[in-house]
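> turn this into a structure:
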Amino acid sequence: MADHIHPFRIANFRAYWASRLSMTLAQYAMIIIIGWQTYNIARETMSPPEAAARLGMIGLLQFIPLFVLTPVVGWVADRLDRRNIGRATVSLQTLCAATLAFFTWHGAMTLPILFTVAVLLGVARAFSGPAFSALAPNLVPKEVLPHAIALSSISWQVGMIIGPSIGGYAYAISPAAAYIASTVLFAAALIAVSLIGPVPRTFAPSRAHPLRQIAEGLAYVWQNKLVLGAITLDLFAVLLAGATALFPVYARDILHVGSRGLSMLAAAPAAGAAATAIVFSFRPLKSNVGPKMLVAVFVFGCSQIVFGLSHWLPLSLGALFVSGCADMFSVYIRQSLIQLHTPDDKRGRVSAVSQLTISASNELGEAESGFLASLFSAPFAVVAGGLGAITVTLLWTWLFPSIRNARTFDPPETLHDPSTRLETVS
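Got it, this is the predicted structure:
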């Protein structure tokens, strides 16, 4: 009967979903304004290519903590209470938002302040990503996990849609208002994650040295070719096609639509992703999951090319909407495969590796796009990234036959390690 249980009937999942939604709203309301302020402050004294390079710095500074901390945060998520990690990281993000609100309110915002906060946000996300990702499978029966992942993705994508709008329109009223709104939303997320009650956890024997446990997580990813292929496909495809960092350039200097148009650009791919996630929440994908993921990444690359060449706002929004649909399609399949094909006692470490690749593809991809745009142009960077994503998809179809041969999400029966023990963390 477990497959008839809707995830929202589980109190812990409802609290988790609410915290994820509120946190994502806050993050994207804040991040879009960080980029906008960075570009505009830089443009006061710099040319567009030089200012675009400063946008690349924002992405790079968020990625560095994730890269350095990835081996540690995965082990932490497997050994400590994942709920407490979530509470601590949301608290840090609340402090970051309040700090930005304070300096913006007093008209004292500078690039060093924005860069410092970017680093702190990278630290918070380094710890929160594996903890939240590994927590979700502990909240629902495994039979409904793909359904729960779709619902969790909805909270994330809805946050990505509404968050930039909150940030953009609040900034138009008062620059500090965007950060104040983020502070309030982070506080709500902290309350929600604090409501998550006792959850079951699977623990591996702790006799091994922490460094060996970290190495075991990395070795598992390397040995499981389906997990490795799914993770690295996202890494290289989105790393090359990181157009989001250049939205401020398009909004100000190419499409000439200002901060409100910037909000529309940021919301368009999230709207496509949310629409796809909603469909999956009612009709979960069940067949030919690997080939469909490859097709989705191919479509993602094509849509990036269209956006890069567009000088007309409706076409740009349409291309970004399609890219969001394709990206959500890929994310849904990838996350389901990774979570269901990884033992619970290793999910924190595997999620940390997955997060590193996601961060590399997002933050490092944004840095790559910003620096490439500074050398050539924003359209060149976006189009080249789209072509790169298409190339990667074709290569991965050949290099990882386990992906193209994956027909369902079902993991092998030998996945569970008999040496582990199931406990409930109160």
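
> where does the stretch 201-350 of the chain have low pLDDT?
Applying pLDDT under 70 to the stretch 201-350 of the chain picks out residues 201-222, 238-242, 339-350.

> can you give me the strands in it?
Under the criterion DSSP state E, counting those that start in this stretch, the stretch 201-350 of the chain carries no strands.

> please enumerate the helices of it.
For the stretch 201-350 of the chain, applying DSSP state H, counting those that start in this stretch gives helices covering 210-223, 225-240, 247-249, 258-282, 289-309, 313-340, 347-359.

> dump these to JSON lines, plus mean neighbour count and distance to T110.
For the C-beta atoms, the positions are set from N, CA and C on the backbone; glycine is no exception. Below are these laid out as JSON lines (neighbours: other Cβ atoms under 10 Å; distance: least, Cβ to Cβ, whole Å):
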{"stretch": "helix 210-223", "mean neighbour count": "16", "distance to T110": "38"}
{"stretch": "helix 225-240", "mean neighbour count": "23", "distance to T110": "29"}
{"stretch": "helix 247-249", "mean neighbour count": "27", "distance to T110": "17"}
{"stretch": "helix 258-282", "mean neighbour count": "22", "distance to T110": "19"}
{"stretch": "helix 289-309", "mean neighbour count": "22", "distance to T110": "31"}
{"stretch": "helix 313-340", "mean neighbour count": "23", "distance to T110": "31"}
{"stretch": "helix 347-359", "mean neighbour count": "26", "distance to T110": "25"}
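
> ok, which of those helices comes nearest G388?
helix 225-240 (3.2 Å; Cβ to Cβ).

> please name the nearest non-neighbouring residue to A187.
T94 (5.9 Å; Cβ to Cβ, 6 or more residues apart in numbering).

> what does A237 give?
In this structure, A237 finds its nearest non-sequential neighbour in A389, 4.2 Å apart by Cβ to Cβ, 6+ apart.

> again, but for V306
With Cβ to Cβ, 6+ apart as the criterion, V306 has its nearest non-adjacent residue at 4.0 Å, and that residue is A319.

> in this structure the one you found contacts S303, no?
Yes: taking contacts as Cβ atoms under 8 Å, A319 lies within contact range of S303: 4.9 Å.

> distance of A124 from Q27?
Distance, A124 to Q27, using Cβ to Cβ, to the nearest Å: 10 Å.

> quick one, what contacts L120?
L120 sits next to L92, L95, C96 when contact means Cβ atoms under 8 Å, 6 or more residues apart in numbering.

> 10 Å - rerun?
Counting by Cβ atoms under 10 Å, 6 or more residues apart in numbering, L120 makes contact with L61, Q62, P65, L92, Q93, L95, C96, T99.

> any chance of JSON lines for those, columns distance to R334?
As requested, the contacts of L120 are exported to JSON lines (distance: Cβ to Cβ, whole Å):
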{"residue": "L61", "distance to R334": "26"}
{"residue": "Q62", "distance to R334": "21"}
{"residue": "P65", "distance to R334": "23"}
{"residue": "L92", "distance to R334": "27"}
{"residue": "Q93", "distance to R334": "25"}
{"residue": "L95", "distance to R334": "32"}
{"residue": "C96", "distance to R334": "28"}
{"residue": "T99", "distance to R334": "34"}
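
> between the residues you listed, which sits nearest G272?
Comparing the contacts of L120 against G272 with Cβ to Cβ picks out Q62 as the nearest, at 23.8 Å.

> what strand or helix carries the residue lying closest to G301 once chain neighbours are set aside?
Leaving aside its sequence neighbours, G301 sits nearest to A389 (Cβ to Cβ, 6+ apart; 3.2 Å). Per DSSP states H and E: A389 is located in helix 378-399.

> could you give the mean pLDDT of the following helix or strand past that helix?
Counting by DSSP H and E, the next helix or strand C-terminal to helix 378-399 is helix 401-404. Helix 401-404 comes out with an average pLDDT of 83.

> hmm, A98 and A26 touching each other?
No: with contacts counted by Cβ atoms under 10 Å, A26 stays clear of A98, the gap being 11.2 Å.

> these two: which is more packed in?
Neighbour tally, A26 and A98, criterion other Cβ atoms under 10 Å: the higher count belongs to A26, 29 against 16.

> need the helices of the stretch 201-350 of the chain in a markdown table with distance to G56, can you?
Output for the helices of the stretch 201-350 of the chain, formatted as a markdown table (distance: least, Cβ to Cβ, whole Å):
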| stretch | distance to G56 |
| --- | --- |
| helix 210-223 | 28 |
| helix 225-240 | 13 |
| helix 247-249 | 11 |
| helix 258-282 | 17 |
| helix 289-309 | 17 |
| helix 313-340 | 20 |
| helix 347-359 | 15 |
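
> minimum distance to T408: which of these has it?
Here helix 289-309 is closest among the helices of the stretch 201-350 of the chain (Cβ to Cβ), at 6.4 Å.

> what helices or strands is the closest one leaning on?
Contact here means 3 or more Cβ pairs under 10 Å, 6 or more residues apart in numbering; DSSP states H and E; on that basis helix 289-309 packs against helix 225-240, helix 258-282, helix 313-340, helix 378-399, helix 401-404.

> out of those helices, which gets nearest to I162?
In terms of Cβ to Cβ, the element of these nearest to I162 is helix 258-282, at 7.6 Å.

> three-state assignment of S155?
helix (DSSP: H, G, I helix; E, B strand; the rest coil).

> state the number of residues packed around it.
S155 has 21 nearby residues by other Cβ under 10 Å.

> that one and S22 touch, don't they?
Yes: with contact defined as Cβ under 10 Å, S155 reaches S22; the gap is 8.7 Å.

> neighbours around the closest residue to G261 other than its chain neighbours, how many?
Leaving out its chain neighbours, the residue that sits closest to G261 by Cβ to Cβ, 6+ apart is A251, at 4.9 Å. Using other Cβ under 10 Å, A251 has 26 neighbouring residues.

> can you pull the contacts of A251?
Shown in contact with A251 (Cβ under 10 Å, 6+ apart): 35-36, 39, 168, 257-266, 313, 316.

> likewise I196?
Residues near I196 by Cβ under 10 Å, 6+ apart: 11-16, 18-19, 82-83, 86-87, 135, 138-139.

> before we move on, what about Y179?
Contacts of Y179 by Cβ under 10 Å, 6+ apart are 26, 29-30, 33-34, 37, 96-105, 109, 117, 167, 170-171.
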